[in-house]
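Colleague: 3D, please:
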Amino acid sequence: MLEDLTGGLLGGSGFVLAIALFIILCIYLGIRIVPQSEKHVVERFGRLKSVLGPGINFIIPFLDRVAHKVSVLERQLPNAEQDAITKDNVLVKIDTSVFYRILEPEKTVYRIRDVDGAIATTVAGIVRAEMGKMDLDEVQSNRAALIGQIKAQVESAVDDWGIEVTRAEILDVNLDQATRDAMLQQLNAERERRAAVTRAEGQRRAVELQSDADLYAARQEAEARRVTADAEAYATGVVAEAIAKGGLEAVQYNIALEQVKSIARVAEGQGNQTIIVPADAVDSFGKAFQMLKGRS
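Modeller: Now for the predicted structure:
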């Protein structure tokens, strides 16, 4: 009897222990802690049930399971190089790099198998198409606009996959050696043209400045002549007024006095052994003395 009771207790404890273990297992399988950098895709009997976000989540044990753990961190595709032909038939090699992140993992895991490969192929096709619409000079000068167009078209193409393209970059545009040589010749020719234009502009400016200087000098000379003529006219007027007031004698006196001063200056010269005196010099001296006597 005691043995039967003991066996019953042991059997009941085992059953309770089994129930407790089952409950603990259900709790363990039903609770899912998702990191901030991930999203978990839950399936029920092979069908999409839900997407678990960061934090503590609950699922039904044995019915639901986490089928995919998808990182939502930004990713970078490996740098890729593809050939492209520009609008002016120049073969170039384009180095590209794309950054993206997964926003809707339920679309990504069920609509595309190789995400990186699909995006790389899409980018290559779009780059070739866009390069075919532009000349080489436009590619070099409008790289920012080209990058914007590529990014917009890639975003539109991968939108059905639940992917966001955060950045697209053209790292380098490489040319073959023949094209480089031709571009170098063109660059040198353009530099020479600019130098010739600069020299011509300098010469033209120099001629203009010289013309302005000559014109200014001519104006100054004309102004000087005008001032001299005004002075002479003023002097003539003063003499005429003096003649009108003092008579002819004052004029003759001044003329005789100037002749005397001139002869004196000639006599002061060094090495002059002979002095030439005008024939009327004596008369001038006499007239001057007579006028001085008359005034005194």
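Colleague: tell me the secondary structure at K49.
Modeller: The assignment at K49 comes out as strand when based on DSSP: H, G, I helix; E, B strand; the rest coil.
Colleague: my guess is it meets D64, correct?
Modeller: Yes: with contact defined as Cβ atoms under 8 Å, K49 counts as touching D64 (5.6 Å). The way it works is simple: take the backbone N, C-alpha and C, and place the C-beta from them, glycine included.
Colleague: that's a helix at Q186, yeah?
Modeller: Yes: counting by three-state DSSP, Q186 is found in a helix.
Colleague: what about it, how many residues close to it?
Modeller: The number of residues packed near Q186 is 11, by other Cβ atoms under 10 Å.
Colleague: how much space between it and R128?
Modeller: 25 Å (Cβ to Cβ, to the nearest Å).
Colleague: just R193 next, same as before
Modeller: The gap separating R193 from R128 is 34 Å, by Cβ to Cβ.
Colleague: out of the two, which sits in the more crowded spot?
Modeller: For R193 versus R128, neighbours defined as other Cβ under 10 Å are more numerous around R128 (14 against 10).
Colleague: secondary structure element for that one?
Modeller: helix 115-131 (DSSP states H and E).
Colleague: now do the residue most central in space within the chain against I85, distance only.
Modeller: Using Cα atoms, centre = their mean, the residue of the chain that lies closest to the mean C-alpha position is S141, 10.9 Å off. With the distance defined as Cβ to Cβ, S141 ends up 18 Å from I85.
Colleague: name the helix or strand for T108, please.
Modeller: helix 105-111.
Colleague: and that helix, what does it pack onto?
Modeller: Contacts of helix 105-111 with other secondary structure elements, assessed using 3 or more Cβ pairs under 8 Å, 6 or more residues apart in numbering; DSSP states H and E, are made with strand 38-44, strand 47-52, strand 64-71.
Colleague: any idea of the mean pLDDT in that helix?
Modeller: Model confidence over helix 105-111, given as mean pLDDT, is 90.
Colleague: where does the prediction get shaky in the stretch 101-250 of the chain?
Modeller: 238-240, 242-250 (pLDDT under 70).
Colleague: which stretches of it form strands?
Modeller: Remark: strands of the stretch 101-250 of the chain, listed N- to C-terminal, are 163-175; assignment by DSSP state E, counting those that start in this stretch.
Colleague: which neighbours do K49 and D64 have in common?
Modeller: Taking Cβ atoms under 8 Å, 6 or more residues apart in numbering as the contact criterion, the residues that touch both K49 and D64 are V42, E43.
Colleague: ok, back up a step: now the helices and strands packed on helix 105-111 in CSV, with mean neighbour count, distance to G237 and mean pLDDT?
Modeller: Output for the helices and strands packed on helix 105-111, formatted as CSV (neighbours: other Cβ atoms under 10 Å; distance: least, Cβ to Cβ, whole Å; pLDDT from 0 to 100):
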stretch, mean neighbour count, distance to G237, mean pLDDT
strand 38-44, 19, 111, 92
strand 47-52, 15, 114, 91
strand 64-71, 16, 109, 91
